[in-house]
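Engineer: sharing a sequence plus its predicted fold:
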Amino acid sequence: MTPQTLAVAASTISASKIYGSGEDAVYALNDVSVEFYEGQFTAIMGPSGSGKSTLMHCIAGLDELTKGSAIIDGVDLSTMKDKGLTELRREKIGFVFQSFNLVPTLTANENIRLPLMLGNDKGDEAWIQNVINTVHLQDRLTHRPSELSGGQQQRVAVARALASKPRIIFADEPTGNLDSTTGAEILSFMRKAVDELGQTIVMVTHDPVAAAYADRIIFLADGKVVSEMTEPTSGKVLDLMKTLGN
Amino acid sequence: MFRIALKGIVGRKARLILTSLAVILGTSFLAGTSVFSDTLTRTFDNLFSDVFKNVDAYVRSSQVIEADFGLEERQRISIDLVSVVENVPGVRDASPDIQAFARIIGKDGKPLGSDGQGPPTFGSIGEEFAGALWTVADGKWATASNEVVIDEASAKAGKYVVGDTVKVVAQSGSRDFTLVGIASYGDVRSPGGATFALFDSATASEFLTKPGFIDAILVSGDGSVSDTKLSAAIQAVIPATAKTETLTGAQITLETQDQIGSALDFFGILLQTFSFIALGVGCFVIYNVFSISAAQRQRENALLRAIGASRKQVTRAMLIESVAVGLVGSTIGLVAGIGLSSGLSALLKALNVDIPSSGLVVNQGTIVSTIVIGLVVTVLSAILPARRAGKVPPLAAMRATALEIAEPGRKRLYGGLLSIALGIAIISAVIGGANNSYLGFGILFVFIGTIVLGPIIARPVALFLGRPAARFRGITGVMARQNSARNPKRTSRTASPVLIGVALVTAVTALAASIKGQINDVFTEQFKGDYAVTTNNQFTGGLSPSLALDLNKLPEVDKASGIGLITVKLNNNGQYFTTIDPGTVEGVFDLGLINAKYSDLTPDSIFLAESYSLRKNLPIGSNVTITLGDATQRELTVRGLYKFDELAGNFVVNRAMIANSAVVNFDIGVYIVGKNGVPDGEVQAALDKAVKKYGQGELLSKAEYIDKQSGQVNQLLGLIYGLLMLSIIIAFVGIIITLLLSVFERQRELALLRAVGMTRSQVRTTVRWESVITSLLGAVLGIILGIGLGWVIVFALKDQGLTSFKLPVGPTIVIMVMSFIVGLFAAIYPAWRATRVNILDALNTN
C-alpha cells in the first residue's frame, strides 16, 4: 500500500504552536504539515520536548494551534467551539492515555461505554461485544478499575477507544506504565484493531519497540517533522534515532 | 517545621480561605449575637437610668402578688399620700405616678401602636414636676378632666395637632378628650416606641385606674439630705396602715434595670444557644476540610516523612496551620459579627422601635471569648486529621494514591450502635417515669450515635437516594450517585451539618404542629360561642368588664359572657384565677362541670379543677382562704369540680366576688352566642359596632378565634426558624466547601471525562446531582431523627397538657424540597469550577 491510495483521516497544515511572543517565543510546533491515513497505525516519535505530544493534543482537539490548522474528517478544528470539540472527541476520536485512563467509580463495562453513554448513544452492540472479546475482557466487565491490573486497565482503555467506532484513535504512551510483556500484549491488540477491525490509530511513543508495531513512523525534533519511516523494525528505528540524535 | 507549615499556609491561599470560612461564619454569629444583646442591655439600662434620673425617692405599695411568668401585681396607693410626702423636710417636689393601659385612637378609628406585640401603649400623668422627663413641646399640660397631652411620635403618627379631639381607650372605657399639648421625652419623641396619653393626676386616677388611687409617688429632693435619708424620712411619715415602701432613686433604677435585664438575658441566652449550635455545626465543616486537605496532601506529607520528618513534626505542622486558620477566622468573624449586630440594630430601627442609640457595645469579654472559642474549636477539629496526617507511611510518597479509600471499621459500627442504644435506653427510662431532665442526654447520645454511624449509613442511603438521578439522568446521574457514595466518610461529614439543622427544624415543627393541634382540640371542645372578642393586651390590661354587659343587651345576641383573669395569693403563692359570670357562661364556655351547675358558683364559692382537688385533697365543701390584690382576704367554699382545665386553669370564681374591691378588673375575652334565627351577618355587624365603640378588642368568628390561638405558636416558630437559619447557612457553606475540594481532588478524572467527550453541561449536572444527593442524605436522616426527637419532646411535655403528637407532613415535604434546592444552589460554584478544569494540565500531572 502506498500513501497515495489511502484516504486521509486527520491532517495538519502548517501547524504551529507558539508559547510567548517576540524574542522569547518558543515554538512547540513549527510549521508542521502531516497526514494520518485511514486504516493505518501511525507512530509519532521524538525526544522529550520535540512537540510530539503537543502535535497529538492539537489534532485531537485537546489543545489549540497558534497558527495553521488541524483537520479531522474534513473539519477544521480551529472553527469549532468547546461544545463542538467535545462532541467531536466523543464521536470521532478515541483516547488511550499513559495512566489514569479510567473513571474509578465506574465498572469496566461502564468505562468502555462511557463516550457512548455521554452521547446518549446505544452504539453498535455487536461491535462492542466484538471489541470486548478481542481484548479478552468478557469476565472482567463488572469490576472497578481498582480491582484490575495495570494491563487489564489499559485493555479497558483500548476497548473504550474502540467502542464508539471513532474515525481515529490517539494513544499517548499507552505502554509507558506497563512491563514489557503486558506492553507487548496491548500493542498487539492495537495492531489487531487496525488489521482486523480496520481502525486508524495514532500513537505517541519514545519506545522503538512500541513504534515497531506501527505501519509508519513520523519523527519530530524541535517542533518539526525531521523524518518518516514505513514498515519499521525496532532496529531500523534505533538506527535512525542515532543519526537524528547527531 | 514551623516555617514549612507557614509556607504551606501561604502557598495555598484557597484552602486557607475555605477552611477559615467555616470558622468565620461560626464565630461571627457568636460575636454578633453577643454584641447585639450587650447593646440592647446597655440601651435599656441607659433608658431607665434616664427615666429615674431626677427621682430621688420612690413611694409605692408594699403589697404585691408575684405569679408565674415573672409577672407581679402590685397594689395601688391613695392619691392623698402625695400631699403628705410633699411636706416632708428635704422634699422639693412630689408627683403622683400612674402607668396604666391606654390607647390613643387615630382619626380613622384605628388604635395607634400595635396590639399586644411590640412597644406598649400607656396612659400616665403629665404634670408640672421638678423631676419630670416629659416636657411639653407644643401647647400646655392637661389640667381639666377633658384634656389630654400625647407624645410627639403618636401625634405625628395620628396627624394630631393641638385643639383636635382625641379618643382614648382605657380600663374604664373610651372617652373623647381635647388635645391641649404634645410632649416629648428627654430628647426622643417617645421612649422605646411606646405611645403615651398624659392626663392631670385626678383624671388619670379616675380614668386609668380607680378614682383616688395611683401607682407610686415620684419624689425630687432639694439636695439638703441624702437620698437614703430622704427615703427613710418619707417612709417614717406615711402611716403604716397605708402599707407602703420607699425606695431611693438608685434602688428603683436598679430594680427596673434588673427586670428588663433578666428579660433581655433570656433573649441573649436564646441567641447564644443557637449560635453555639451553629458553631457546633461549623465544627463538622472545619473537621471535614482538614480531613480532606490531609488526604490530599498525603503524598506531600509522606515525602516529608521520607526525608526525615518525624510523625510529630508532620502532625504539628498541620496543627500550626489550624492555629493560623483559627486566629484569622475568628478575628474576621469578630469583625463580621460586629457588622452583623449593627445590621440587627438597623433592623429594629426599621421596625420603628425608636430606642435611644448608645452605640454598639463591644465588650472585652466578647472579643476574648470569640477569638478563644474560635481558636479552640478550630484546633480541636483539626486534631484528628492532623494525627492521621502524621501516621502516613513514608512509602506513600512513592505510591500513586488516587482515592481516599476509607472503609468504615467495626469499632465505628459498635460504638455508634452502643451510643444509640444508650440514648434510647435513657429516653425509655424517661418515658417509663424517670426525671425529664435526663431526656437531653438521651437525645444527645442518639445524635452522637447517628453521626458516628454516618459513614456506614452514608453509602447505602446515598446509593438509594441517587437511584432516580442514575435512572433519569443517564451516565451523569450514575456518576453523581457513585461520587456521593465513593467516600462515605466525607459524604457523611458533609451531610452531618444538614442532618443536625434539619433534625432541629423538624423537631421544632413537629412540636409546633402538636401544640397547634392541641390548641385546636381544646378550643373546639371548650369554646362553644359563635364569636369572641379578644385582646392581645392580656397582661397589661384587657377588655372593660362593661363590654360583655353591653354586648349582652344587643337584640342580635343570645348570650355574651366575659372571661377574666385575676392574680390572687393562695397559701402565699401567686395564682391566676379565672373569673366567669355564672349567669351567662353556660353554653358559651364549657368547663366540663362534674355534678355541679354554674349557678352553684356564688360570689363566696370556688370551682376547682378535678385533678387539683384530688392532688391537694380539697373536696367539695372544703374551704380555701385567698388574699386578693388589694390585700383583703376572702374565704371561699369549693362548690364544684370541673374536667377541662386547659383554658380555665385550676381555679374558677364568680366575677361578682371582686365587684366591690380595689382589684383591677378586666376581661381577657368575651365569648358570644348569636340569637337563633338572626343571620350571621347581622349578628356580626351589631357586635362589630358595639366593640368599635370601645376602641379596643378584636371581634373574631369562632374559626378565626381558634386560628389566632394557634397563630401565636407560629410566631415563636418563626423566631426559632430564623435562629436555626444560622446552622443551615453553615451546612450550606459546608457542602460548597466539600464539593469544591472534591472537584480539586478529582481534576484528573474530570479532565479524562472531558477528553473522552463529556460536555461542560454534563460536568455541571454530575456535580449538581452529587450535591443534591448529599444534601438529601442529611435531610432524610435529619427528618427521621427530628420526628423522633419531636415525639420524645411532646411526650416529655405531657404533664404540661400536651397529649397528642402530630406528624408535620406538609412541613416535612417542604423541608425535603428545600434540601433539594439547597443542594442545587450549593453546587453552582463548585460545578462551574469543575467545568474550568484544564484538560491538558490535569492529564499531564503525573
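Structural biologist: Cool, got the structure. Numbering: from 1, shown residues only, chains lettered A, B, ... in the order given.
Engineer: up against chain B, what does chain A have?
Structural biologist: Counting by Cβ under 8 Å from any Cβ of the partner chain, the positions of chain A adjacent to chain B are A:57, A:62-63, A:82-83, A:86-87, A:89-91, A:95, A:97-106, A:110, A:114-115, A:117-120, A:146, A:160. All C-beta atoms are positioned from the backbone trio N, CA, C, and that covers glycine.
Engineer: low-confidence stretches in chain A?
Structural biologist: Along chain A, the parts satisfying pLDDT under 70 run over A:1-4, A:245-246.
Engineer: which stretches of it form strands?
Structural biologist: Counting by DSSP state E, the segments of chain A that form strands are A:8-19, A:26-37, A:41-45, A:67-72, A:75-76, A:93-96, A:168-172, A:201-204, A:216-221, A:224-230.
Engineer: now mean neighbour count too, for those, in a markdown table please.
Structural biologist: As requested, these are exported to a markdown table (neighbours: other Cβ atoms under 10 Å in any protein chain shown):
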| stretch | mean neighbour count |
| --- | --- |
| strand A:8-19 | 19 |
| strand A:26-37 | 19 |
| strand A:41-45 | 26 |
| strand A:67-72 | 19 |
| strand A:75-76 | 14 |
| strand A:93-96 | 26 |
| strand A:168-172 | 25 |
| strand A:201-204 | 26 |
| strand A:216-221 | 22 |
| strand A:224-230 | 15 |
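Engineer: nearest to B:Asp97 among the ones you listed would be which one?
Structural biologist: When those are compared by Cβ to Cβ, strand A:8-19 sits nearest B:Asp97, at 87.0 Å.
Engineer: outside of that closest one, which residues touch it?
Structural biologist: Contacting residues not belonging to strand A:8-19 are listed as A:25-38, A:51, A:54-55, A:58-59, A:63, A:65-73, A:167-168, A:200, A:202, A:223 [Cβ atoms under 8 Å, 6 or more residues apart in numbering or on different chains].
Engineer: excluding chain neighbours, what is closest to whatever residue of chain B ends up closest to chain A?
Structural biologist: Chain A sits closest to B:Gly757 of chain B, with a gap of 2.3 Å, by Cβ to the nearest Cβ. Computed as Cβ to Cβ, 6 or more residues apart in numbering or on different chains, the closest residue to B:Gly757 that is not its neighbour in sequence is A:Arg90, at 2.3 Å.
Engineer: pLDDT averaged over stretch B:481-494, what's the number?
Structural biologist: Regarding stretch B:481-494, the rounded mean pLDDT is 86.
Engineer: one step back: wait, isn't the residue of chain B closest to chain A in contact with A:Arg89?
Structural biologist: Yes: judged on Cβ atoms under 8 Å, B:Gly757 makes contact with A:Arg89 at a distance of 4.8 Å.
Engineer: quick one: residues contacting the residue of chain A found nearest chain B.
Structural biologist: Shortest chain A-to-chain B distance, computed as Cβ to the nearest Cβ: residue-wise this is A:Arg90, at 2.3 Å. With contacts defined as Cβ under 8 Å, 6+ apart, A:Arg90 is in contact with A:Pro115, A:Leu118, A:Gly119, A:Ser164, B:Val756, B:Gly757, B:Met758.
Engineer: which helix runs longest in the chain?
Structural biologist: All of this is about chain A. helix A:180-195 (DSSP state H).
Engineer: oops, I was thinking of chain B
Structural biologist: Across chain B, the helix with the greatest residue count (assigned by DSSP H) is helix B:249-296.
Engineer: continuing past the host helix or strand of B:Ser761, what's the next helix or strand?
Structural biologist: B:Ser761 belongs to helix B:760-796 when assigned by DSSP states H and E. Sequence order places helix B:809-826 as the next helix or strand after helix B:760-796, per DSSP H and E.
Engineer: chain center to that next one: distance?
Structural biologist: 24 Å (Cα atoms, centre = their mean, to the nearest Å).
Engineer: what does stretch B:305-323 give?
Structural biologist: 46 Å.
Engineer: what's the most distant pair in the contacts of A:Arg90?
Structural biologist: Across those, the longest distance by Cβ to Cβ is 13.4 Å; it joins A:Ser164 and B:Met758.
Engineer: on that earlier part again, got the angle for the longest helix of chain A vs strand A:168-172?
Structural biologist: Note on geometry: by axes from the mean of the first three to the mean of the last three Cα atoms, to 10 degrees, helix A:180-195 and strand A:168-172 are set 160 degrees apart in direction.
Engineer: other SSEs contacting helix A:180-195?
Structural biologist: strand A:41-45, helix A:125-134, helix A:150-163, strand A:168-172, strand A:201-204, helix A:208-211 (3 or more Cβ pairs under 8 Å, 6 or more residues apart in numbering or on different chains; DSSP states H and E).
Engineer: stretch A:156-176: end-to-end distance?
Structural biologist: End-to-end distance of stretch A:156-176 (Cα to Cα, to the nearest Å): 16 Å.
Engineer: buried sites along it?
Structural biologist: Under the neighbour-count criterion of 16 or more other Cβ atoms under 10 Å in any protein chain shown, stretch A:156-176 has A:156-176 buried.
Engineer: cool, stretch B:328-347 as well?
Structural biologist: B:328-334, B:336-338, B:340-342, B:344-345.
Engineer: for it, what is the average pLDDT?
Structural biologist: For stretch B:328-347, the mean per-residue pLDDT is 87.
Engineer: could you dump it to PDB, C-alpha only?
Structural biologist: Provided in PDB are the C-alpha atoms of stretch B:328-347 (Å, rounded to 0.1, in the frame of the first residue of the first chain):
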ATOM      1  CA  VAL B 328      -7.500  34.500  61.200                       C
ATOM      2  CA  GLY B 329     -11.000  33.100  61.000                       C
ATOM      3  CA  SER B 330     -12.200  34.200  64.400                       C
ATOM      4  CA  THR B 331     -10.700  37.600  64.000                       C
ATOM      5  CA  ILE B 332     -12.500  38.100  60.800                       C
ATOM      6  CA  GLY B 333     -15.600  36.500  62.400                       C
ATOM      7  CA  LEU B 334     -15.400  39.000  65.200                       C
ATOM      8  CA  VAL B 335     -15.400  42.000  62.800                       C
ATOM      9  CA  ALA B 336     -18.100  40.400  60.700                       C
ATOM     10  CA  GLY B 337     -20.100  39.800  63.900                       C
ATOM     11  CA  ILE B 338     -20.000  43.400  64.900                       C
ATOM     12  CA  GLY B 339     -21.200  44.300  61.400                       C
ATOM     13  CA  LEU B 340     -24.000  41.700  61.800                       C
ATOM     14  CA  SER B 341     -25.200  43.200  65.100                       C
ATOM     15  CA  SER B 342     -25.300  46.700  63.700                       C
ATOM     16  CA  GLY B 343     -27.400  45.200  61.000                       C
ATOM     17  CA  LEU B 344     -29.800  43.800  63.600                       C
ATOM     18  CA  SER B 345     -30.000  47.200  65.300                       C
ATOM     19  CA  ALA B 346     -30.800  48.800  61.900                       C
ATOM     20  CA  LEU B 347     -33.500  46.200  61.500                       C
END
